[in-house]
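Novice: pasted the sequence and its predicted model underneath.
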Amino acid sequence: MKKGFTLAEVLITLGVVGIVAVLTVPAVMKNYRNRMYVAQLQKVSAQLSDAAQAIMNDEHVDNFYETKAANPNSCSDASKGACEKGPGYLLNNYMKPLKRNCIDGSDPCASSTGSVYTNMQGQALNFGFGGYCIYTTNGATVCASYNVNNNCMSVAVDVNGMVEPNMAGRDIFAMDIHKDGTLSDWGSGCADNSFGCDKSLCGTGRGKDSVSQASCGCYSRLIKSDWNMDY
């Protein structure tokens, strides 16, 4: 009666297991990372919307663009979060920053150089956003800028800060804040009933010079796919 496995049988079994692992583990890890990116984006999106609602409540207005946040940035000491108006005022007073005004510098949360960020095709991008940036307690970089021409605040979110992949549409997204405090994809101009870039633009390589343009459509796509990163 056979009581065990031969060495050949064990080696064949291990070989099969190894092949299966090689084929499946990368896909499993990618799916896991994608779920983490989406979960973090949902969290930051909720915090941004809550921040917009909170400043409206504090200032007793129904329109986000009647608050102190809806102004060009004005800071007496930006590095310490002393901002009296603009995006810096909103992010410092209504989010939870660990770092403030942290584009570039010795301990950056975002980089203005063209060697850090890419689109999904692997092409290098400039950050191309500017504005005021913070690094939050949950590890995300949030940068906001106010466009005085169309009275619109846009926000770029890198859900894991400077940690790779630093890829537009994967861990970096751009949104607009509407007057009722809700968020849409970037490119809406904060206009009523505008949802910004269409989901079909996500990952197309559009806007190679800017993370906002390169991630255009991905926030919409996630929302319309029930927060499933299916790309």
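Specialist: Good, I have the coordinates. Numbers count the residues shown, from 1 in each chain.
Novice: now do the helices in this structure.
Specialist: For the chain, the helices defined by DSSP state H cover 7-58, 87-94, 211-214, 218-224.
Novice: compare the mean pLDDT across those and name the weakest.
Specialist: Note on the helices of the chain: lowest mean pLDDT is at helix 7-58, with a mean of 79.
Novice: neighbours of residue 107, how many?
Specialist: A count of nearby residues for residue 107, using other CB atoms under 10 Å, gives 9. All C-beta atoms are positioned from the backbone trio N, CA, C, and that covers glycine.
Novice: thinking it is in contact with residue 101, fair?
Specialist: No. The criterion here is CB atoms under 8 Å, and residue 107 misses it with residue 101 at 11.2 Å.
Novice: which ones are touching the spatially most central residue of the chain?
Specialist: Centroid check for the chain by CA atoms, centre = their mean gives residue 157 as the closest residue, at 2.8 Å. Contact analysis of residue 157 by CB atoms under 8 Å, 6 or more residues apart in numbering lists 41, 44-45, 48, 140-143, 172-175.
Novice: quick one: it from residue 106, how far?
Specialist: 23 Å (CB to CB, to the nearest Å).
Novice: again with residue 49
Specialist: Distance from residue 49 to residue 106, by CB to CB: 32 Å.
Novice: buried residues in stretch 68-79, which are they?
Specialist: With burial defined by 16 or more other CB atoms under 10 Å, the residues of stretch 68-79 counted as buried are 68-71, 73, 75, 78.
Novice: reformat these as TSV; add pLDDT and distance to residue 153.
Specialist: Converted to TSV, the buried residues of stretch 68-79 look like this (pLDDT from 0 to 100; distance: CB to CB, whole Å):
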residue	pLDDT	distance to residue 153
68	98	12
69	98	7
70	98	7
71	97	10
73	95	11
75	97	16
78	95	17
